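# here is the input, now give the coordinates:
(one chain, ligands or ions: 1)
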Amino acid sequence: MLPMNSGGYSNGYSHHPTTEKPHRQRRGGRRPRDGRDGGAGGGGWARASEPERRPCTDFDKAYFQSYSHVGIHEEMIKDRVRTETYKAAITQHQNSIAGKVVVDVGCGTGILSIFCAQVGAKRVYAVDASEIAIQASAVVKANNLSDTVIVLHGRVEDVEIDEGVDVIISEWMGYMLLYESMLESVITARDRWLKPGGLILPSSATLYMAPVTHTDRYRDSIDFWRNVYGIDMSAMLALAKQCAFEEPSVETISGENVLTWPHVVKQVDCYAVTIDELKSVATRYRFKSMMRAPLHGFAFWFDVEFNGPAIFPTSTDSPSLFIGSSSNNPVDGSQRKKRSNPNEALVLSTAPEDPPTHWQQTLIYLYEPVDLEQDQLIEGSVTLSQSKENPRFMNIRLEYAAGGRAFVKESVMR
Ligand SMILES: C[S@@+](CC[C@H](N)C(=O)[O-])C[C@H]1O[C@@H](n2cnc3c(N)ncnc32)[C@H](O)[C@@H]1O
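Reported below is the predicted structural model:
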C-alpha cells in the first residue's frame, strides 16, 4: 500500500511505518461469493427504470483491494468521533430503523449494519465489494445476527436486492469530502432501492474551505534548507517546495491556523444529489483576512448531518438553511463558521476547531507565501473535478489573488 502523494494508487492510509500520520486508503472488489446477492429478500421489487451503473474498472478493483486490509478498518473504527456519531445517529433514528429494511452501502467489517440490527432493524443488507465482506460475514455470524444481517459480497452497482428498502446508511466520505467518489455508489443504491420517504444517513454534507497561515510547517519543510549544519543549502529550496507542496497534504491544523471564517464550497443533499453534479464542483470565494499574517495556503474540511428526509429541503432551496455561507457571499459579518442547525441534527464535523478525526484536514499549500494585512481581500475560485484518468482521483484547480497579484495552482489528489 502506498501513502497518498506517493504517486501510486491510494487514498492515503498506509500500514507502513512513516513519519507522517497514517492516511486513509481505499480498495477493490470481487463478485459476490456467498450466493446471497441474487435476489435476496424475494419481495419482487422493481424500479420503473434502473439507473445507469458505472462499470467496474481496474481502478475500482484496486480501490476495493485496498479495503481488504485490516488496518484501514481499524483506523476508521478507532476514530471515535466518526464511529460514535454514527452509532448515536442510528439510536436517534431508531424509530425509523426498527422493523425496517436497511442497506449498508460499503459495510466494511459490518459495524454499522450491526448497530442497525441492535436497534431492531428487520433486515440489513450489508454490501461490500472488498474481501473484507468475508470478515463481515464471520462477525455477523459470531454475534448471532445472521438471520437479520445479510452480507452481500459485491458492488452496490451489481448486487441484487429484491425488495425496496426503508433506510440507507453509509460511511462514504473521503478526504475533501469527495475524494474517492464513493458517494456515487450511495446515489446508485438510493435510486435502485430506496422507498419514497425513506431515510438516508447521513442526510447531507458540506465541504468548507478557508485561508490558513502555517509558519511552522513552512519553516520545517522549506526554511530548513537555508542553513543545514551551517551549510547554505538554499539551492534545495525549489525542489523542497515542489516536493512538499505539489500535492494536497492531509494533516491536522488548529483553529489558530485559520485566517477567516470558511466558505462553503459544496453542499450536498443526499436525498437529491445526482452523480453528474459531482463530476465537477466549482465555486468563487472572497475572504477578508482577520489578521496580519503570511498566507500559506487553503484548508478544506467537511461535516455531515444526520437528518430525516422530511426535515431536509430539496437541493434547490437548501441554501436557506445556511447563514451567510452560500458560494458567492460578500465578505462581511454574515460569513458564518457553521450552518444553522434548527433541527438539532447530529453533526459529524472534521473542522480544525473540533475534535480530530482520521480525515484530519486537507491543505493546498502555495509555493510562495503571500503577506496579508488585516482586512486584506483574498479572492478567487476553486474547481474540484474527477480525474479523467481515474474518477476516484481528484483534480484541483485553485485560483487566488491577493495584494494585486494573481496565481493559479493545479494539483491532483491521487
Ligand atoms: C469508508 S469504508 C466504511 C466501512 C464501514 N461502513 C465502517 O463504517 O466502518 C467504505 C467501504 O465501502 C466499500 N465500498 C465502496 N464502494 C463500494 C461499492 N460501490 N460497492 C460495495 N462496496 C463499496 C469499501 O470496500 C469499504 O469497505
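# give me the residue from the protein nearest the ligand.
Closest residue of the chain to the ligand, Cβ to the nearest ligand atom: residue 106 (2.0 Å). The C-beta positions use only the backbone N, C-alpha and C, and glycine is treated the same way.
# residues in contact with that residue?
If a contact means Cβ atoms under 8 Å, 6 or more residues apart in numbering, then residue 106 has 127-129, 156, 170-172, 182, 185 as its contacts.
# tell me the pLDDT at it?
Residue-level confidence at residue 106 comes out at 98, pLDDT.
# tell me how far it lies from residue 133.
From residue 106 across to residue 133, the span is 10 Å (Cβ to Cβ, to the nearest Å).
# before we move on, what about residue 360?
Applying Cβ to Cβ to residue 360 and residue 133 gives a distance of 28 Å.
# who has more neighbours, the two?
Counted by other Cβ atoms under 10 Å, residue 360 and residue 133 do not tie: residue 133 has more neighbours, with 29 against 21.
# residue ranges in the chain under the pLDDT threshold?
Within the chain, the stretches with pLDDT under 70 are 1-46, 48, 310-343.
# intersection of neighbour lists for residue 106 and residue 133?
When Cβ under 8 Å, 6+ apart defines a contact, the residues bordering residue 106 and residue 133 alike are residue 127.
# before we move on, which element is residue 282 in?
Applying DSSP states H and E as the criterion places residue 282 in strand 280-288.
# run the chain-centre distance for the helix or strand just after that strand.
Moving toward the C-terminus from strand 280-288, the first helix or strand encountered (DSSP H and E) is strand 293-306. With Cα atoms, centre = their mean, to the nearest Å as the basis, strand 293-306 stands 13 Å off its chain's centre.
# now stretch 129-138: buried residues?
Residues of stretch 129-138 classed as buried: 129-137 (neighbour count, 16 or more other Cβ atoms under 10 Å).
# write out the residues of this protein neighbouring the ligand.
Those residues of the chain that sit near the ligand, judged by Cβ under 6 Å from any ligand atom, are 27, 64, 67, 73, 76-77, 106-109, 111-112, 127-130, 132, 155-157, 171, 182, 185.
# which among those count as buried?
Using 16+ other Cβ under 10 Å as the burial test, those include 27, 64, 67, 73, 76, 106-109, 111-112, 127-130, 132, 155-157, 171, 182, 185 as buried.
# any idea how far residue 215 is from residue 364?
Using Cβ to Cβ, we find residue 215 at a distance of 17 Å from residue 364.
# the more surrounded of the two?
residue 364 (23 against 13).
# the helix or strand harbouring that one vs strand 293-306, what angle?
In this assignment (DSSP H and E), residue 364 forms part of strand 361-372. Orientation note: strand 361-372 sits at an angle of 150 degrees relative to strand 293-306 (axes from the mean of the first three to the mean of the last three Cα atoms, to 10 degrees).
# strand partners (parallel or antiparallel) of strand 361-372?
Taking DSSP bridges as the criterion, strand 361-372 sits next to strand 249-251 (antiparallel), strand 293-306 (antiparallel) in its sheet.
# now the helices for the protein?
Counting by DSSP state H, the chain has helices at residues 58-66, 70-78, 80-92, 94-97, 111-118, 132-142, 183-193, 215-221, 237-245.
# my read is that residue 82 contacts residue 112, right?
No - no contact is recorded between residue 82 and residue 112 when judged using Cβ atoms under 8 Å, the distance being 10.6 Å.
# identify the contacts common to the two.
Residues touching both residue 82 and residue 112 (Cβ under 8 Å, 6+ apart): residue 171.
# if I pick residue 395, what's in contact with it?
383-387, 410-412.
# just the residues you listed now: which is nearest residue 238?
Nearest to residue 238 among the contacts of residue 395 is residue 411, at 16.8 Å by Cβ to Cβ.
# which residue packs closest to the closest one, ignoring adjacent ones?
What sits nearest to residue 411 in space, not counting adjacent residues and going by Cβ to Cβ, 6 or more residues apart in numbering, is residue 396, at 5.0 Å.
# which ones are touching the one you found?
With contacts defined as Cβ under 8 Å, 6+ apart, the neighbours of residue 396 are 176, 248, 364, 382-384, 409-413.
# hey, what's it bridged with?
When bridges are taken as DSSP bridges, the partners of residue 396 come out as residue 384, residue 411.
# to residue 147, which of the strands paired with strand 361-372 lies closest?
Once Cβ to Cβ is applied to the strands paired with strand 361-372, the stretch that comes out nearest is strand 293-306, at 26.9 Å.
# and the angle for that closest one with helix 237-245?
10 degrees.
# hey, C-alpha coordinates of strand 293-306 in PDB?
Provided in PDB are the C-alpha atoms of strand 293-306 (Å, rounded to 0.1, in the frame of the first residue of the first chain):
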ATOM      1  CA  ALA A 293      -0.100  37.000   8.700                       C
ATOM      2  CA  PRO A 294       1.600  35.200   5.800                       C
ATOM      3  CA  LEU A 295      -1.000  33.200   3.800                       C
ATOM      4  CA  HIS A 296       0.500  29.700   3.300                       C
ATOM      5  CA  GLY A 297      -2.500  28.000   1.600                       C
ATOM      6  CA  PHE A 298      -6.000  26.900   2.000                       C
ATOM      7  CA  ALA A 299      -7.500  24.200   4.200                       C
ATOM      8  CA  PHE A 300     -10.600  22.100   3.300                       C
ATOM      9  CA  TRP A 301     -12.800  20.200   5.600                       C
ATOM     10  CA  PHE A 302     -16.300  18.900   5.800                       C
ATOM     11  CA  ASP A 303     -19.200  18.000   8.000                       C
ATOM     12  CA  VAL A 304     -22.200  15.700   7.600                       C
ATOM     13  CA  GLU A 305     -25.600  15.800   9.200                       C
ATOM     14  CA  PHE A 306     -27.900  13.000  10.200                       C
END
